[in-house]
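Asker: Only the shape, not the letters, is given here:
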């Protein structure tokens, strides 16, 4: 995770302390996920994802001052905000991804898309994040990632009301 290497390497937090902050932040992610799932069932996957992506773009403005502060409380706050937003985005994606495929290939399509996305994202994203951080700071890291996600969501179709085959 980019934030862990940044927190330990650049902010000089002890690894155990920064992992503790991440564990705390994951609790808020756990709260956001079911709330977002209910919202995506009620309002649609795409609207919830669009709101989540826009909030993630806006959170980019707070990332540099909070994470870069080195203050434990401010770092905990930004980690909590970011992981909360991750929960907001993950819940609708778990419903949307399988719904993009017809029933006869739903499991295979969703599985391949999810795993390839995870592999490519996990392998390339930290490298790109470091390049963006070096070029323009932490604000660019969050905002670019969220903007790419927003563009992808805007290109998708809404799947909530599609009848299952």
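Answerer: Sure, I can see it. Predicted model only: the values in this text are computed from it and were never measured. Numbering: from 1, shown residues only.
Asker: SS state for residue 87?
Answerer: Using DSSP: H, G, I helix; E, B strand; the rest coil, the structure places residue 87 in helix.
Asker: Nearest residue to it in space, please, no chain neighbours.
Answerer: Once flanking residues are discounted, residue 87 sits nearest to residue 32: 3.1 Å by CB to CB, 6 or more residues apart in numbering. No exception for glycine: its C-beta is placed from N, CA and C like everyone else's.
Asker: That neighbour sits in which helix or strand?
Answerer: Element membership of residue 32, judged by DSSP states H and E, is helix 15-43.
Asker: hmm, back to that, list the contacts for the residue nearest to residue 87?
Answerer: 83-88, 91 (CB atoms under 8 Å, 6 or more residues apart in numbering).
Asker: The same query, at a cut-off of 6 Å, please.
Answerer: By CB atoms under 6 Å, 6 or more residues apart in numbering, residue 32 lies in contact with 84, 87-88.
Asker: And the helices in the protein?
Answerer: For the chain, the helices defined by DSSP state H cover 2-9, 15-43, 45-67, 72-99, 106-136, 138-155.
Asker: Let's have these in a markdown table, adding distance to residue 162.
Answerer: Converted to a markdown table, these look like this (distance: least, CB to CB, whole Å):
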| stretch | distance to residue 162 |
| --- | --- |
| helix 2-9 | 35 |
| helix 15-43 | 13 |
| helix 45-67 | 10 |
| helix 72-99 | 6 |
| helix 106-136 | 11 |
| helix 138-155 | 16 |
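Asker: any chance of the ones you listed in TSV, plus distance to residue 161 and mean pLDDT?
Answerer: Formatted as TSV, these follow (distance: least, CB to CB, whole Å; pLDDT from 0 to 100):
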stretch	distance to residue 161	mean pLDDT
helix 2-9	36	78
helix 15-43	11	94
helix 45-67	10	90
helix 72-99	10	91
helix 106-136	17	85
helix 138-155	17	86
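Asker: which residues touch the residue nearest in space to the middle of the chain?
Answerer: The chain has residue 86 as the residue nearest its centroid, 3.7 Å off, counting by CA atoms, centre = their mean. Residue 86 makes contact with residue 29, according to CB under 6 Å, 6+ apart.
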